[in-house]
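Chemist: 3D model of this:
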Amino acid sequence: MNDSTPSSVPAPSAVPPAPVVLDVWCELQCPDCLTALDDLRALRERYGDRLEVRLRHFPLEKHKYAFAAAQAAEEAAAQGRGWEYAGAVLAGVDELNRRGEEFLVATARELGLDDGEFDTALIDGRHILAVDADQAEGKAIGVTGTPTYLVGGERLDGGKSQEGLRARIEEIADRLLAE
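Modeler: Next up, the predicted model:
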């Protein structure tokens, strides 16, 4: 009898499942997107790191500063505070409508971000490709308005009503996490 079994075989480590991804196409001059933030906060609280919520940009032509706001949100993300910045801009949409890019830079300053980098980013266009890519992907999957969600391959349109969308997202996320 050969008893050559190693005495210290490492136990297989449990690899946590990949988080469910929730893409949210948003436009930072959209009042419905501001309303959606409450649902997104509740989803983050419920799922923690089991749900990855990704801000995607879909600036609408009818809003003069939406494209600049999307670029500014990308700069905020590069500085580690994308969602916080997006929420602040959405909360100040009336001021954005009045002050434009000046408001975007001032909001960065108020949040303690490098407002000089924001100003430069809006001039040099370093985030244009990211915003364009989000918009192109959104169009490819049928996004026509904001907010629009994509979770588990299912597109949910929130531009007409947020009613029931959080429950539907939870249903899909729960199913995906159970698989």
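Chemist: you'd agree Pro17 is in a strand?
Modeler: No: using DSSP: H, G, I helix; E, B strand; the rest coil, the secondary structure at Pro17 is coil, not a strand.
Chemist: and after the helix or strand where Ile123 lies, which helix or strand comes next?
Modeler: Secondary-structure assignment from DSSP states H and E places Ile123 in helix 115-124. Once the chain leaves helix 115-124, the next helix or strand it forms, by DSSP H and E, is helix 128-140.
Chemist: sheet partners, orientation included, of the next helix or strand after that following helix?
Modeler: Where DSSP H and E defines the elements, the next helix or strand beyond helix 128-140 is strand 148-151. Each strand paired with strand 148-151, and its direction, by DSSP bridges: strand 20-26 (antiparallel), strand 154-157 (antiparallel).
Chemist: work out which residue lies at the spatial centre of the protein.
Modeler: Among the residues of the chain, Leu55 comes closest to the average C-alpha position under C-alpha atoms, centre = their mean, at 1.5 Å.
Chemist: burial of Val151, as a residue count?
Modeler: Neighbour count of Val151, defined by other C-beta atoms under 10 Å: 22. Quick note: C-beta positions are derived from backbone N, CA and C, even for glycine.
Chemist: so it touches Leu22, yeah?
Modeler: Yes: shown here, Val151 and Leu22 form a contact pair, counting by C-beta atoms under 8 Å, at 4.7 Å.
Chemist: list residues touching both of these two?
Modeler: The contact sets of Val151 and Leu22 overlap at 169, 173 (C-beta atoms under 8 Å, 6 or more residues apart in numbering).
Chemist: pLDDT weak spots in the chain?
Modeler: Across the chain, the stretches falling below the confidence threshold (pLDDT under 70) are 1-16, 159-161.
Chemist: determine the longest helix present in it.
Modeler: Assignment by DSSP state H gives helix 31-47 as the longest helix of the chain.
Chemist: need the next SSE after that one, C-terminal direction.
Modeler: Taking DSSP H and E as the definition, the helix or strand that follows helix 31-47 towards the C-terminus is strand 51-57.
Chemist: elements contacting the helix or strand following that next one?
Modeler: Next helix or strand after strand 51-57 toward the C-terminus (DSSP H and E): helix 66-78. For helix 66-78, the packing partners by 3 or more C-beta pairs under 8 Å, 6 or more residues apart in numbering; DSSP states H and E come out as strand 51-57, helix 82-91, helix 101-110, helix 115-124, helix 128-140.
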